[in-house]
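Chemist: Provide a 3D model corresponding to the input given below.
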Amino acid sequence: MPTSDPNLPEDIASLIEHKKFPELEDRWIRLMEVDSTDLPLFFSVASAVKRKGNVTGAVGWLRLLADELGGKGDRERKLKVLLEIARIAPTDPAVRPELESALKERFAGHPSLAAVLAKHPVVPPDPAGAAGKVERWLQFAPGQIHFLPGRGPGRIVEMNPGLDVLRLEIAGTRLPLSLVSAERTLTRLPEGHFLRDRLERPEEMRALAASDPSETVRRLLASFGRALTVSEIKEHLSGLVDESRWTSFWTAAKKHPQLLVAGAARSARVSWSDSAASADDSIRAAFHAADPRRQIDLARKNGKRSKDLAREFAGVLSARASAAAEEDPALAWELSQAAARLVPGEAEAFDREALAAAGDPGPLLLRIHDSGARERALEALRGLPRWSEIFADQFHREDDSRVLTFLYRELAAAPEKRDEIVRRILRSPRLAPRAFVWLCDRIQDEELPAPPGLFLVLVDALRQDEFSGLRSRLKEFFEPGGLAVRLVRGAAEPEARDFLAALTRASGLEEHRRSVVRDALLMAYPELRAPAVDYLYGTAQAIEGRRKELTHLKQVELPANAEAMRTAKEHGDLRENFEYQSARQKHEYLSARIAALSDELSRTRALDPARIDVSEVRVGTRVRLRELDGGAERVAVILGPWDSKPEENVYSYQSEFAQGLLGRRPGERVGLSGTPAEIVSIEPWTR
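Modeler: Below you'll find the predicted structure:
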C-alpha cells in the first residue's frame, strides 16, 4: 500500500514505502535533534510505519521522543506523545503506568487530580481515551477565571468529575456546566485581561469608566484583540457603567479620534486605530469606497472629527447631489442636506426650489430615508398651494414620531382637514398604523378626550396584520396607568359590558395585561361580574317603533281586552262562553307579547353610524359585493332583526346570510347563495 500522507517529506515517505526501517530510525533521531517539537510530523511517520506493519518500531521511536521531551521539561508535549503511543498500541503493558506517571507529573498539585483519575482510570481497552478525558478535565481548576458569553467573567469554584459538573460563580450565582459545555463556552482570561480586572478589581475599573470612557473602551478592545460591536461593549461594561449613564459614557468615548465606529446602532463594529491620522485615513478610504447612502451615514458619524474631513465629505456629497438631481431627487436632497450640516452657511447643491420643482411630492417623500431630511423637505414644501394635501397624505404614511409631531402641528393651519384625518385614523387604524399609535400616545400623555369606541378599536388593532411590527407598542396601552385603563374607567354602563366581552376575546394579549384592564373595568362596574346580557342591536328608528308598539299594547290593546273580558263574563256560564274564551286567549297573547317586548327593549342597544368600525363587516355596515362570475355588483346592509328587509337588501345580523359576511374584510371572498363573490368595500350604513 503506497504511503500517501502529504505531511511526509519525500525521502521519509520513500524509506517507509520500501520498509527501510534502520535508515528511517536514523532519520527519526536526526529530526529529533533538529526540532523535537514538530509533533504532527513525528505522529504522521509513526502512523505510516504502523500501517506498514512495524508497530514495535513506531512505539519505540515515539518513546525516544517522549524521553527527549521529558528531559527538556516539556511535560505537555511529552504527555501528547504518550497519548499517541496509547492510540497506536492500546494493549502495550507499559502504556498505563507511563500515562499515569505523565499525567501526575504534568498536573502535579492540581486539587482535582486524584478525583479525576479515580473517575477515569487509565486502563485498557482504551487508555488513550481515558487519559484524554483526564487531560480535558484537568485543563480546568478551581480558582481559574473564565468568560462565559452572555453572562460575563466568573471563577471556577467546584469541580465534580463524578457528576460530570463544574460550577462557575458569576455575581454570586453558581452556574453548573458539564465538561463538554465548559469546553464549548468558556474562555480562560489571562492576567491583565479587562474582564478579569473587572472581576478582581471592580472599584478600580468602575472609577476608570467614570473618569476616562475612551481609555476604558481602548483597554477592552486591546484585551480581545479584535473589533467588538457596540452591543458587546455595553455587555462587557455591565456593572461598571449604569444603564442610566450609558448614553453619556458612549458619547464621550466616541469623541476620541482613534476610536472608529463602522455601522449603525448596536450592531456597529468598534475598533481602535494606532493613531488619529491613521483613523482618519481609514474613514476616508471607507467613505470614498461607499455608496451614496452609506457616505451620508459615515459623514454624519465622522464629520465632526476635523474641519478638513468635514469639508472633504461635504464636497463629495454636494457633487453627488448635483449628479443625482435629475434621476433621483430624493437622494439628491438627502446628500445635499448632509453636506449642508457639515459646512453650514454654504450654498446647497440641491436646494428648496429644486425640491419643490422635482415633481409629485408624495413618491419623493417616500424615498427620503432620513427622518430629519424628510422633515426639512416638508418644511420646504410648506409654501406650495396644495401643501395641506401633501401633509395629510404624509401623515398617513409617516413612521417617525418627530415628523408626525411636525405634521400635526403644521396641519393646525387646516383644522378641518386635520380633524378629519384624526377621526379616520382613530376609527380605522389600519389606514395608518404608526400614526394611530402616535395619536393614542398623545391622547394618553396629554390626557386628551378620547373619541367614542376607541377602546374597541384599540383591542381590534391587536389582531390586525398591519400592526405586526407595532404590537408590543399597542400592548403597552394595556399596562397600569395606560390608555386602555383610562378608557374603561370612563366608559358608560352600556359600553362597559361590550368592553369586557372585547377584552375577553382579545387575541395575543398577555393575561397580566388583560387582568389589569379587567380589574379596572370591574372596579368601575361591579355588576359586570353577573352573567352577560345578550344585547339586541337595531337602529334608533326600529327601536322607537317597538317602543310605540309596546305603549300601544299597554295603553290601548290591553285595556280594550280587559273590557271585552268583563263584558263577556256577564253572559253567564264561562265554560260555554265563546266570547270570553276568545278574549281570554287574546289576553294571554297580549301579555306574552308585552313581556317579550319589554325584555327585548331592556337589552336593546341603538346603532350609531359615526361609531362603526369599517375595517371589517360588522353590524351597522353597508357592504358592496362583486360576483366573481360576470362582475355583477350588489349592496347588502347588515342591521338588527327589527330592521330586516331582505327584499330591500337589508339583513338581520342574526340571519344566515349576514353570518357568512360578519368579520370579513375588503378583498376577501365569500359565498352568496352558492355564487362566489368578493367584498369590494365596507362603509357605515346611513340613516
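
Chemist: would you say residue 391 is within a helix?
Modeler: Yes. Assessed by DSSP: H, G, I helix; E, B strand; the rest coil, residue 391 belongs to a helix.

Chemist: Quick check: it touching residue 409?
Modeler: No. Counting by CB atoms under 8 Å, residue 391 stays clear of residue 409, with 10.2 Å between them. Any C-beta I mention is one placed from the backbone N, CA and C, and that applies to glycine too.

Chemist: Check the secondary structure at the nearest residue to residue 634 once chain neighbours are set aside for me.
Modeler: Excluding the flanking residues, the one nearest residue 634 by CB to CB, 6 or more residues apart in numbering is residue 625, at 5.4 Å. Classification of residue 625 by three-state DSSP places it in strand.

Chemist: quick one: residue 625 from residue 639, how far?
Modeler: Per CB to CB, to the nearest Å, residue 625 is found 16 Å from residue 639.

Chemist: The two: which is more packed in?
Modeler: The neighbour count for residue 625 versus residue 639, taken as other CB atoms under 10 Å, is higher for residue 639 (23 against 19).

Chemist: what's the pLDDT at residue 2?
Modeler: Model confidence at residue 2, given as pLDDT, is 52.

Chemist: Mind telling me which residue is nearest the centre of this protein?
Modeler: The residue lying closest to the centre of the chain (CA atoms, centre = their mean) is residue 469, at 8.2 Å.

Chemist: did I read that right, it in a strand?
Modeler: No. Counting by three-state DSSP, residue 469 is not part of a strand but coil.

Chemist: if we can go back for a sec, which of residue 391 and residue 409 has more residues huddled nearby?
Modeler: residue 391 (26 against 10).

Chemist: Contact partners for the more buried one?
Modeler: 378, 407, 410, 411 (CB atoms under 8 Å, 6 or more residues apart in numbering).

Chemist: Pick out the most distant pair among those.
Modeler: Within the contacts of residue 391, two members stand farthest from each other by CB to CB: 378 and 411, at 10.9 Å.

Chemist: Residue ranges in this protein under the pLDDT threshold?
Modeler: 1-4, 530-533, 571-577, 687 (pLDDT under 70).

Chemist: In it, where's the longest helix?
Modeler: In the chain, with assignment by DSSP state H, the single longest helix is helix 578-602.

Chemist: So for that helix, what gets flagged as buried?
Modeler: 580, 583, 584, 586, 587, 590, 594, 597, 600 (16 or more other CB atoms under 10 Å).

Chemist: Pretty sure the first one sits against residue 566.
Modeler: Looking back up the chat, that one is residue 580. No. Using CB under 8 Å, residue 580 is not in contact with residue 566, being 9.6 Å away.

Chemist: Identify the contacts common to those two.
Modeler: Between them, residue 580 and residue 566 share no contacting residue under CB under 8 Å, 6+ apart.

Chemist: So which elements touch whatever helix or strand residue 551 lives in?
Modeler: With secondary structure defined by DSSP states H and E, residue 551 is part of helix 540-552. Contacting helix 540-552 under the criterion 3 or more CB pairs under 8 Å, 6 or more residues apart in numbering; DSSP states H and E are the following elements: helix 578-602, strand 604-606.

Chemist: which helices and strands does the shortest one pack with?
Modeler: It stands for strand 604-606. Looks like strand 604-606 contacts strand 536-538, helix 540-552 (3+ CB pairs under 8 Å, 6+ apart).

Chemist: buried sites along the longest one?
Modeler: Of the residues in helix 540-552, those with enough neighbours to count as buried (16+ other CB under 10 Å) are 542, 543, 546, 550.

Chemist: Roughly how far does the first one sit from residue 650?
Modeler: When you say that, I think you mean residue 542. 10 Å.

Chemist: Kindly report the same for residue 553.
Modeler: Taken as CB to CB, the span from residue 553 to residue 650 is 25 Å.

Chemist: secondary structure element for residue 455?
Modeler: Applying DSSP H and E, one finds residue 455 within helix 454-461.

Chemist: can you map out the strands along the stretch 251-400 of the chain?
Modeler: For the stretch 251-400 of the chain, applying DSSP state E, counting those that start in this stretch gives strands covering 259-262, 269-272.

Chemist: and the ones you listed as a markdown table, adding distance to residue 8 and mean neighbour count?
Modeler: Putting the strands of the stretch 251-400 of the chain into a markdown table (distance: least, CB to CB, whole Å; neighbours: other CB atoms under 10 Å) gives the following:
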| stretch | distance to residue 8 | mean neighbour count |
| --- | --- | --- |
| strand 259-262 | 45 | 19 |
| strand 269-272 | 42 | 17 |
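
Chemist: could the ones you listed go into JSON lines alongside distance to residue 424?
Modeler: Formatted as JSON lines, these follow (distance: least, CB to CB, whole Å):
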{"stretch": "strand 259-262", "distance to residue 424": "43"}
{"stretch": "strand 269-272", "distance to residue 424": "44"}
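
Chemist: These: which one's closest to residue 401?
Modeler: Nearest of the strands of the stretch 251-400 of the chain (CB to CB): strand 259-262, 25.0 Å.

Chemist: hey, C-alpha coordinates of the closest one in CSV?
Modeler: Extracted C-alpha coordinates of strand 259-262, given in CSV (Å, rounded to 0.1, in the frame of the first residue of the first chain):
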residue,chain,number,x,y,z
LEU,A,259,-11.9,55.2,18.1
LEU,A,260,-13.6,54.0,14.9
VAL,A,261,-17.3,53.1,14.7
ALA,A,262,-18.5,51.3,11.5
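
Chemist: List the pairing partners of that strand within its sheet, with orientation.
Modeler: Take DSSP bridges as the rule and strand 259-262 pairs in its sheet with strand 269-272 (antiparallel).

Chemist: Pull the residues that contact the partner strand.
Modeler: Contacts of strand 269-272 (CB under 8 Å, 6+ apart): 217-218, 221-222, 227-230, 233, 258-263.

Chemist: coming back round to it: what angle do the longest helix of the chain and helix 540-552 make?
Modeler: Helix 578-602 runs at 140 degrees relative to helix 540-552, counting by axes from the mean of the first three to the mean of the last three CA atoms, to 10 degrees.

Chemist: ranges for the helices of the stretch 51-200 of the chain?
Modeler: Here the stretch 51-200 of the chain has its helices, by DSSP state H, counting those that start in this stretch, at 55-71, 75-88, 95-106, 113-119, 127-138, 179-185, 194-200.

Chemist: Serialize those to TSV and add fields for mean neighbour count and distance to residue 147.
Modeler: TSV is the format used below for the helices of the stretch 51-200 of the chain (neighbours: other CB atoms under 10 Å; distance: least, CB to CB, whole Å):
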stretch	mean neighbour count	distance to residue 147
helix 55-71	18	31
helix 75-88	21	23
helix 95-106	18	25
helix 113-119	16	23
helix 127-138	20	19
helix 179-185	14	9
helix 194-200	20	6
